[in-house]
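Test case, fold it:
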Amino acid sequence: MKVAIPIWKGRVSPVFDTACRMVIVEFEDGRPGERSEFVVKNGGSSARVGLLQDLGATTLICGAISNRTASIVEHCGIELVPWVVGEIDDVIEAFFSDSLGTDGFIMPGCRHRHGRRKICRSENRRGAGGENWRRNGGEGRRRTGGRRNEE
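I've put the predicted structure just below:
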């Protein structure tokens, strides 16, 4: 298994979509083994995920990640473990011991919700009006002249 982690100053990079460096950790017999560090060239979401595929990554541990990039990662069959913070060595050890979901490794403002994959509450928000806005066909709270539109 190969685990990719975007890095910045020895820690998990706060945003995968803008990270400039990445480390790949090969797990052998379930234990962390060889590490390789790579420079991430500028490119869009598809280019970044393509690099993960080229490097043979099976899991991506990262901080924040855009919905578009997260969808591409998951579509390519790479396990996504988002909203993680911490020193690289500590994160690797926590992944090995299956304790990444603890408070010490969750980005501020996020909380553990559904195992390792979806642990940030903001991930479920959809635009300004949330799901109710969509369900009502886009009709909902609208402001006109600084007052609430009461139809």
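
Any stretches of this structure with poor pLDDT?
109-151 (pLDDT under 70).

Okay, now the sheet partners of the helix or strand containing residue 26, with direction.
Assigned by DSSP states H and E, residue 26 belongs to strand 21-28. Paired strands of strand 21-28, with direction, are strand 2-8 (antiparallel), strand 31-39 (antiparallel) (DSSP bridges).

after the shortest one, next one along is what?
What that stands for is strand 2-8. Following strand 2-8 toward the C-terminus (DSSP H and E): strand 11-12.

what's that following strand packed up against?
Here strand 11-12 touches helix 88-96, going by 3 or more Cβ pairs under 8 Å, 6 or more residues apart in numbering; DSSP states H and E. No exception for glycine: its C-beta is placed from N, CA and C like everyone else's.

Would you mark the buried spots in the helix it packs on?
Using 16 or more other Cβ atoms under 10 Å as the test for burial, helix 88-96 gives 88, 91-92, 94-95.

that older thread, among the strands paired with strand 21-28, single out whichever gets nearest to residue 104.
strand 2-8 (16.1 Å; Cβ to Cβ).

Please tell me how far the residue nearest to the spatial centre of the chain sits from residue 29.
By Cα atoms, centre = their mean, the chain has its centre lying nearest to residue 82, at 3.0 Å. Between residue 82 and residue 29 the computed distance is 27 Å (Cβ to Cβ, to the nearest Å).

Now do the helices in the protein.
For the chain, applying DSSP state H gives helices covering 45-54, 67-75, 88-96, 130-135.

out of these, which comes closest to residue 21?
Comparing those under Cβ to Cβ, the one sitting nearest is helix 88-96, at 10.5 Å.

If you compare the directions of the closest one and strand 31-39, what angle comes out?
130 degrees (axes from the mean of the first three to the mean of the last three Cα atoms, to 10 degrees).

Give the other helices and strands that helix 88-96 contacts.
Applying 3+ Cβ pairs under 8 Å, 6+ apart, we find helix 88-96 packed against strand 2-8, strand 11-12, strand 21-28, strand 31-39, strand 59-61.

Out of those, which one sits most buried?
strand 59-61 (a mean of 24; mean count of other Cβ atoms under 10 Å).

Can you tell me the closest non-neighbouring residue to the residue nearest to the centre of the chain?
Nearest non-adjacent residue to residue 82, counting by Cβ to Cβ, 6 or more residues apart in numbering: residue 65, 5.1 Å away.
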